[in-house]
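>>> sequence? don't have it. structure:
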């Protein structure tokens, strides 16, 4: 009953829960075009308004997965685990975490996204390596996961096509920030990878999509709930995104910082989150019995050079120029590299992640609209961190630009973003909480 | 500021009022295609959710009017007044009211709609007269109002095109029942007719689009408020739509009943509403000083045959076969005419307007979906009224059908619609209230 679009929209409009069949009809309508776009967007707005029960959200996720194929990784014997971040400024963790986990004996079939708004995207960062191909066909992706234990690609047309359609509509109709829709989008894509387990990095704070900590926790719990419903272990870390992660923002700059992490020279904050996420991945994959042993394994992979070698293998396998891994100074460099000097001495009180993200976006590091072109070389490096001491004239950050006007604009944002005061600012605890499948 | 569709949708989504510029951008977007349909429908759903202030609703109405041209009736010296009904079952009043008012010295430039759902439409009823052309170009419409004092047509492409677009989207996205959207749609079209004043028949009860009396009153007040804002006198009558109006439902059947009204042989309930609406129209037009004198004028027009002659003139002017006016038995007749007999003696307790409307729709008298074809001959006649006494075997109504299966289906609905009991049912007061521009 009630499978006509109007009737389904009406039910949700009136605050009633949809049945599994109704949700399936909606998602099928998005995939095969049997619903008009204006009907899809009206229902999306009604869902934004009325929400969805956990059961509805699980059905929406299931229908999203089933709108396409699920990657067949049955030939891969290793446990398959992935990590997803809700997105932040300077969050380059996937780049080095995937090979770090792969050398510990778990396979990482990672499908990532592109930058949007003030946050970066893993694919854009990978593409700062000349030749790196993120568009492997699904079969090649599966084969590489089997061969190397890790592959890093973008969403293919076969995986969760309903999400591709619905996400584009949500972006154009102000219906992005809706927990059930976010859940179905993330989990629909991730579970289509054919993984056994998933670790989520749910960010809160100025630079996160969901700044409010309580809302971020709500999202994390809803994501875990879906995992529970489909019998996949899912854990979530709530991490702070008040200041950028690490000292760089921008594609090639973050790539270089990630390579530094693989060399054992990563910034403390990046490594803290990296190890915490990696521990959970190894625990869920069953390749380490305790968090401490997991961390030991991950650290050993860096110390031995195995993780860096694995990353290099991936770059070579996906057509990238491995010399850039060996010598990150070969990565794209901007024409202008201008330090921003402190006008006063004191302590860093705040480095506003949102403003730094907007500055980097203005330089061309990420997209303000889908379809915008990205400049891999631009961004910000040498960022100070909250609490650090600076003298008058010290460098607060370095702007990398290919255009004088954009440089001047970025400078304005960065001067607002970085606040110096008489006493040290206190950064919020980086890892707020680890929520496991049995926390609730 | 904030003229991008996403930003405007977001503002309304978050419960903020839109500015005049934002509303104008939305309506322009609907007219020139600069907004995607999915953005229009997302904003419609957000408006359904969050509502609109009286000021926003007035702006939306103004933008709807300005999306096209306004009929130029400046050459017509007479005061120009129109009537609009929110729609009901058996509501054929426009057909005879327009010529009745025209012979009293006010011009009636009436633009009407078609049937949708269980309610009928004036245009479909007019078209039951062979040859009647409801699609006059705007210039011909204006000329006829000048020549005859009345013209009865459908919406043209030039008038309020934004409403045409938005109404179709609302119909497909469950966003019809929203007071600000209804207001802008009704008033946008009606004020584009170039009228000086408007009388509204706002129906409540089982057969109305807005069954709840309080909601209907809210709608009436919102409509009057727009009139006040644009300095046009607008009055509204709240009338009951519990049982069908008159004894017929169906296009040719109602046309015949309307002609009977013009001959002075109309059913009491139809005439009661007709006179009440006509009084208000003549008062607003300033052609009668009191309601009693207005009624006298309207009754005189019927008694003298002038109103019938005026209707005949309109039929001739718009290409219709006037012989059908002279002899309504020439109107289209259904092949099957089957009485429904009472299985018991007693009193009519209820005649459910909604179920009668659904029965007539099932026979083909109105559209369940836009684009459905209409059968002018089918419907229901000889309907009993609430409170009437019936003996076992008496006719409760006569079904007019052109298909045996549809006949049987209609019979089921009608047997449910008409309830006979031991004591007479009491019909709700037909005219609940007259709300004038100064009532509030």
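Looks like it arrived, so ask away. Predicted model, so just to flag it, every value in this text is computed and none were measured.
>>> buried sites along the strand or helix carrying residue A:60?
Assessed by DSSP states H and E, residue A:60 sits inside helix A:54-66. Residues A:56, A:57, A:58, A:59, A:60, A:61, A:62, A:63, A:64, A:65, A:66 are the ones in helix A:54-66 that count as buried (16 or more other CB atoms under 10 Å in any protein chain shown). Just so you know, the C-beta spots here come from the backbone N, C-alpha and C atoms, and that holds for glycine as well.
>>> got the contact list for it?
Applying CB atoms under 8 Å, 6 or more residues apart in numbering or on different chains, the set of residues contacting helix A:54-66 from outside is A:17-18, A:20, A:23-24, A:26-28, A:52, A:160, A:162-163, A:166, A:180-181, A:183-185, A:187-189, A:191-192, A:222, A:225-226, A:229-230.
>>> report the buried residues of whichever helix or strand comes after it.
Once helix A:54-66 ends, the next helix or strand along the chain (criterion: DSSP H and E) is strand A:81-85. Using 16+ other CB under 10 Å as the test for burial, strand A:81-85 gives A:81, A:82, A:83, A:84, A:85.
>>> next, count neighbours for residue A:70.
Each residue near residue A:70 was counted by other CB atoms under 10 Å in any protein chain shown, and the total is 16.
>>> now it: how far from residue A:352?
Per CB to CB, to the nearest Å, residue A:70 is found 40 Å from residue A:352.
>>> correct me, but residue A:115 touches residue A:122?
No. Using CB atoms under 8 Å as the test, residue A:115 is too far from residue A:122 to be in contact (9.0 Å).
>>> which one of these two has more residues nearby?
For residue A:115 versus residue A:122, neighbours defined as other CB under 10 Å are more numerous around residue A:122 (27 against 24).
>>> tell me who's in contact with that one.
Per CB under 8 Å, 6+ apart, neighbours of residue A:122: A:92, A:94, A:95, A:110, A:112, A:113, A:152.
>>> pLDDT-wise, what's the bottom of the residues you listed?
pLDDT is lowest at residue A:113 among these; the value there is 88.
>>> now that one: how far from chain B?
Here residue A:113 is placed at a distance of 19 Å from chain B (CB to the nearest CB, to the nearest Å).
>>> and residue A:341, by the same measure?
Taken as CB to the nearest CB, the span from residue A:341 to chain B is 34 Å.
>>> looking at it, that residue is touching residue A:397, isn't it?
No. Residue A:341 lies out of contact with residue A:397 (CB under 8 Å); the separation is 9.8 Å.
>>> surely residue A:186 is in a strand?
No. In this structure, residue A:186 is helix, not part of a strand, as judged by DSSP: H, G, I helix; E, B strand; the rest coil.
>>> name the residues that touch stretch A:272-281?
Contacts of stretch A:272-281 with the rest of the structure, by CB under 8 Å, 6+ apart, involve A:81-83, A:93, A:96-97, A:100-101, A:104, A:106, A:108, A:197, A:199, A:201, A:235, A:237, A:239, A:245, A:261, A:266, A:288, A:291, A:294-295, A:298-299, A:430-431, A:434.
>>> buried residues, that stretch. List them.
A:273, A:274, A:275, A:276, A:277, A:278, A:279, A:280, A:281.
>>> and what of stretch A:121-134?
A:121, A:122, A:123, A:124, A:125, A:126, A:127, A:128, A:129, A:132, A:134.
>>> can you pull the contacts of the last one?
This means residue A:134. Contacts of residue A:134 (CB under 8 Å, 6+ apart): A:112, A:123, A:126, A:127, A:152, A:153, A:154, A:318.
>>> isn't the fourth one right up against residue A:255?
No. With contact taken as CB under 8 Å, residue A:127 and residue A:255 are classed as non-touching, separated by 9.3 Å.
>>> which residue ranges of the stretch 101-250 of chain A form strands?
Ranges of strands within the stretch 101-250 of chain A are A:108-112, A:150-154, A:197-204, A:234-240, based on DSSP state E, counting those that start in this stretch.
>>> partner strands of the third one and their direction?
Think strand A:197-204. Sheet pairing of strand A:197-204 (DSSP bridges) gives strand A:81-85 (parallel), strand A:234-240 (parallel).
>>> let's have the strands of the stretch 101-250 of chain A in TSV, adding mean neighbour count and distance to residue B:311.
Shown next, in TSV, are the strands of the stretch 101-250 of chain A (neighbours: other CB atoms under 10 Å in any protein chain shown; distance: least, CB to CB, whole Å):
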stretch	mean neighbour count	distance to residue B:311
strand A:108-112	26	70
strand A:150-154	24	69
strand A:197-204	26	70
strand A:234-240	25	72
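>>> TSV for those strands, including distance to residue A:305?
Listed next are the strands of the stretch 101-250 of chain A as TSV, based on distance: least, CB to CB, whole Å:
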stretch	distance to residue A:305
strand A:108-112	18
strand A:150-154	16
strand A:197-204	25
strand A:234-240	27
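>>> so which of those is nearest residue B:330?
Residue B:330 lies closest, by CB to CB, to one member of the strands of the stretch 101-250 of chain A: strand A:150-154, at 70.6 Å.
>>> check which helices and strands that closest one sits against.
The contact analysis (3 or more CB pairs under 8 Å, 6 or more residues apart in numbering or on different chains; DSSP states H and E) places strand A:150-154 against helix A:93-102, strand A:108-112, helix A:122-126, helix A:138-148, helix A:306-317.
>>> re the thing from before, so which of the strands paired with strand A:197-204 comes closest to residue A:376?
strand A:81-85 (20.0 Å).
>>> touching the closest one from outside, list them.
Contacts for strand A:81-85 (CB under 8 Å, 6+ apart): A:91, A:93-94, A:97-98, A:101, A:106-111, A:186, A:190, A:193, A:195-201, A:203, A:277, A:281-282, A:284-285.
>>> now do the end-to-end distance for stretch A:319-328.
End-to-end span of stretch A:319-328 (CA to CA, to the nearest Å): 17 Å.
>>> could you do stretch A:109-127 as well?
For stretch A:109-127, the end-to-end distance is 18 Å (CA to CA).
>>> return the distance of that stretch from the chain's centre.
When C-alpha coordinates are averaged (CA atoms, centre = their mean, to the nearest Å), stretch A:109-127 and its chain have centres 7 Å apart.
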